[in-house]
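Peer 1: Based on what follows, work out the 3D shape:
(one chain, ligands or ions: 2)
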Amino acid sequence: MPDHPLLEFRGVRAAYEEVEVLHGIDATFDEGGITAVLGANGAGKSTLLALAAGIMAPTHGEVRFDGERIRAGSPSTLARKGLCLIPEGRGVFPNLTVGENLWVMTHSGATRRHVEQCAFDRFPRLAERRYQHAGTLSGGEQQMLSLARALATSPRMLLLDELSMGLAPIVVDELYKHVAQLAAEGVTVVVVEQFARTALSVASSAIVMANGRIVQKGAASAVEAVLHSAYLGRTTPQAADSV
Ligand SMILES: Nc1ncnc2c1ncn2[C@@H]1O[C@H](COP(=O)(O)OP(=O)(O)OP(=O)(O)O)[C@@H](O)[C@H]1O
Ligand SMILES: [Mg+2]
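Peer 2: Ligands and ions are numbered 1, 2, ... in the order given. Okay, here's the model as predicted:
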């Protein structure tokens, strides 16, 4: 094991224009396993991922990947080092077919045959739809395609922003089975979710954010217990699922 975490935030603050939205984040993500990052709308989850992916620079503090300070504006360098972000909304080209969406990923050096084979072995539903425009796939199939595209780069760390958005619970469960499988194969995963239950069911550790700060962190089971007790007594029983 290396002596440093795979991803680390040290005293990180971030702002859009003059408005600070992250107010001092300290967090470490060790190699292996799945970390759930939970929190309500506007808590700062996507901003955290944008900093990790080098899309945005902190105003204070630093973000490190594999021991090296991330320089914002160098997402392609980070991709080569093995960090891959699937942003909120589905990262597919709607007007290209499934096959063409995969083909685009050969820029990372893999052959078309290899990228397709890996994608279709893991997601047979994509093989049946290889000539279909990605925009006409179901939401769950589009997320499968996003995952398949990300995997074409053989990432060490995968950052997934709201994989479940707009999808039926049964589809979300299926996607999370794939996420668990990826982690079992050695990919370190960070999943951002507003809805806690499914993410916590596969995660080993968890972070809860509120208003630009981390308000809980620890083992997924411990965080789940705290969330559960915090919501006991609320009028809506579903509330325990949303933090
Ligand atoms: N491009 C932007 N310009 C200005 N403010 C922004 C921008 N993006 C995000 N913000 C603000 O930063 C704060 C954190 O937003 P962020 O998108 O990180 O939250 P989130 O936890 O991902 O929320 P959600 O669950 O709704 O996706 C919010 O107050 C949001 O309004
Ligand atoms: Mg977000």
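Peer 1: switch to C-alpha atoms for all contacts and neighbour counts from now on
Peer 2: Will do.
Peer 1: Ligand 1 contacts on the chain?
Peer 2: Residues of the chain lying close to ligand 1 (CA under 6 Å from any ligand atom) are 16, 21, 40, 41, 42, 43, 44, 45, 46, 47, 194.
Peer 1: Pick out the residue nearest the middle of the protein.
Peer 2: residue 160 (1.5 Å; CA atoms, centre = their mean).
Peer 1: Now do that one against residue 131, distance only.
Peer 2: Distance, residue 160 to residue 131, by CA to CA, to the nearest Å: 26 Å.
Peer 1: Now the element after the longest helix seen in the chain, going C-ward?
Peer 2: Ordering each helix of the chain by length in residues (DSSP state H) puts helix 169-184 first. Sequence-wise, the next helix or strand beyond helix 169-184 is strand 188-193, with elements assigned using DSSP states H and E.
Peer 1: list the helices and strands that next one packs on?
Peer 2: Judged by 3 or more CA pairs under 8 Å, 6 or more residues apart in numbering; DSSP states H and E, strand 188-193 is in contact with strand 34-38, strand 157-161.
Peer 1: Number of residues surrounding the closest residue to residue 129 other than its chain neighbours?
Peer 2: Counting by CA to CA, 6 or more residues apart in numbering, residue 98 is the residue found nearest to residue 129 once chain neighbours are left out, at 6.7 Å. By other CA atoms under 10 Å, 28 other residues sit near residue 98.
Peer 1: What distance do you get for residue 98 to residue 142?
Peer 2: Distance, residue 98 to residue 142, by CA to CA: 9 Å.
Peer 1: got any residues that touch both of these two?
Peer 2: Here residue 98 and residue 142 have residue 134 as joint contacts, going by CA atoms under 8 Å, 6 or more residues apart in numbering.
Peer 1: Work out for me the element residue 62 sits within.
Peer 2: strand 60-65.
Peer 1: Report the mean per-residue pLDDT for that strand.
Peer 2: Taken as a whole, strand 60-65 has a mean pLDDT of 97.
Peer 1: any idea which of the helices and strands packed on strand 188-193 is most buried?
Peer 2: Each of these was scored by mean neighbour count; the highest is strand 34-38, a mean of 28, by mean count of other CA atoms under 10 Å.
Peer 1: just how off-centre is the next helix-or-strand element following that one within its chain?
Peer 2: Using DSSP H and E, the helix or strand that follows strand 34-38 towards the C-terminus is helix 45-52. How far helix 45-52 lies from its chain's middle: 10 Å, per CA atoms, centre = their mean, to the nearest Å.
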